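Participant: following is a predicted model, sequence given first.
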Amino acid sequence: MLKGHKIAVIIPCYRVRKHILRLVSNIPEFVDTIYIVDDKCPEKTGELVKKSCKDSRVHLISHKENQGVGQATITGMKEAVKDGAHCLVKIDGDEQHNPELIEDFVSPILNRDADFTKGNRFFYLEDLRQMPGVRLIGNACLSFATKFSSGYWNIFDPTNGYLAVHSLVFQALPHEKIDKRYFFESDLLFRLYTIRAKIVEIPMHAVYGEEESSLSPSKLILPFLWRHMINSLKRIFYSYFLRNFSLASIYLFLGLFFCLFGGAMGLSAWLQYFGSETGAPIGQVALPGLMILIGVQMILGFLNYDLSSIPSSVIHSHLSWLKNKTRGSGRAGLNDTLE
């Protein structure tokens, strides 16, 4: 199955000096190339790799300035695409991700069962005991927000950084618009939804040991929630009003109208009769409540439609056809066509 397909592994590096050589040595032989991206690592991980790593598959890329894990991943993937890779795998450099699972990640893509695969640390429930409490709480808080903002309601571990993508799907994404730092994984899901890529999750065990994280959940949770809100609005506008208009669009529009108008009517009546000895007429109480109830039902109808609209068809075969067509005609490339 892997024969005839070029597989590339991308490893963003920042403060992983004590892990990187052991990690590279454990990457399976069927992987054709390994791109180590030194994101201006203060530990000079890149220099260590250049000096001590003898694996001929390794290509070292160094950023002159720290640009974040997202940009480091994109830099490595772009180089892999230039070198003709068919499937791009991203793993962290701190050994949290088991390289032996790489075949599990690329197989659904190469078998045309998925465009993108992502690890799921919550499949094995017994593993939750070893997950640090702060991470567990942070994942729980952000998972629902990511589901809503990305449209992939079937994803259980949206912040997992172990992922793989078909090279044509990666080329179809607007790289310059994807978040370059810690919001990278969540923003990537949003961008994948805009091109209707199919995602499959891969069960995995995560290891939490000596790695040092520069991520501060308490400082990032509010900015993350804000970004999720922005992406949610964008996704809904793109999917239900700009690119398509369906019954779900009407449900959402009328549902919001009834909720807001009913709420305004109820608040107006409350302010008018607050402190008054005369009670509000039954109509001024019942009508706003009825409007809000109807609005909530319509919004639930929209959510039910959205839940059933998760991308379920593989698109990279179509992208291959489109890429050949645009090359032959001299038209815009994939990024311009599909953004």
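Facilitator: That came through fine. Residues are numbered from 1 along each chain as shown.

Participant: got any ranges where the stretch 151-300 of the chain has weak pLDDT?
Facilitator: Applying pLDDT under 70 to the stretch 151-300 of the chain flags the ranges 206-220, 275, 277, 279.

Participant: all helices for it, in order.
Facilitator: In the stretch 151-300 of the chain, the segments counted as helices under DSSP state H, counting those that start in this stretch are 167-172, 184-194, 217-237, 247-273, 282-307.

Participant: so which of the ones you listed comes closest to P12?
Facilitator: helix 184-194 (9.5 Å; CB to CB). The C-beta positions use only the backbone N, C-alpha and C, and glycine is treated the same way.

Participant: quick one: that closest one to helix 217-237, angle?
Facilitator: Angle of helix 184-194 versus helix 217-237, following axes from the mean of the first three to the mean of the last three CA atoms, to 10 degrees, is 10 degrees.

Participant: assign I10 to helix, strand or coil.
Facilitator: Of the three states, I10 takes strand according to DSSP: H, G, I helix; E, B strand; the rest coil.

Participant: which strand or helix spans the nearest residue to it once chain neighbours are set aside?
Facilitator: Spatial nearest neighbour of I10, chain neighbours left out: G76 (3.5 Å); criterion: CB to CB, 6 or more residues apart in numbering. Using DSSP states H and E, G76 falls within helix 69-82.

Participant: okay, buried residues for that helix please.
Facilitator: 69-81 (16 or more other CB atoms under 10 Å).

Participant: and the gap between the residue nearest to I10 and I61?
Facilitator: For G76, the distance to I61 equals 6 Å [CB to CB, to the nearest Å].

Participant: what residues are shared contacts of the two?
Facilitator: Common neighbours of G76 and I61 are listed as 35-37 (criterion: CB atoms under 8 Å, 6 or more residues apart in numbering).

Participant: L319: which of these is nearest?
Facilitator: When those are compared for distance to L319 (CB to CB), Y35 wins out at 22.0 Å.

Participant: in this structure the closest one contacts K82, no?
Facilitator: No. Judged on CB atoms under 8 Å, Y35 makes no contact with K82 at a distance of 10.6 Å.

Participant: packing partners for the host helix or strand of I102?
Facilitator: I102 is part of helix 102-110, with elements assigned from DSSP H and E. Packed against helix 102-110 by the contact rule (3 or more CB pairs under 8 Å, 6 or more residues apart in numbering; DSSP states H and E) you find strand 7-13, strand 87-90, strand 116-120, strand 163-166, strand 199-203.

Participant: make JSON lines out of these and add distance to I109 and mean neighbour count.
Facilitator: Listed next are the helices and strands packed on helix 102-110 as JSON lines, based on distance: least, CB to CB, whole Å; neighbours: other CB atoms under 10 Å:
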{"stretch": "strand 7-13", "distance to I109": "10", "mean neighbour count": "28"}
{"stretch": "strand 87-90", "distance to I109": "5", "mean neighbour count": "27"}
{"stretch": "strand 116-120", "distance to I109": "6", "mean neighbour count": "25"}
{"stretch": "strand 163-166", "distance to I109": "5", "mean neighbour count": "26"}
{"stretch": "strand 199-203", "distance to I109": "8", "mean neighbour count": "20"}
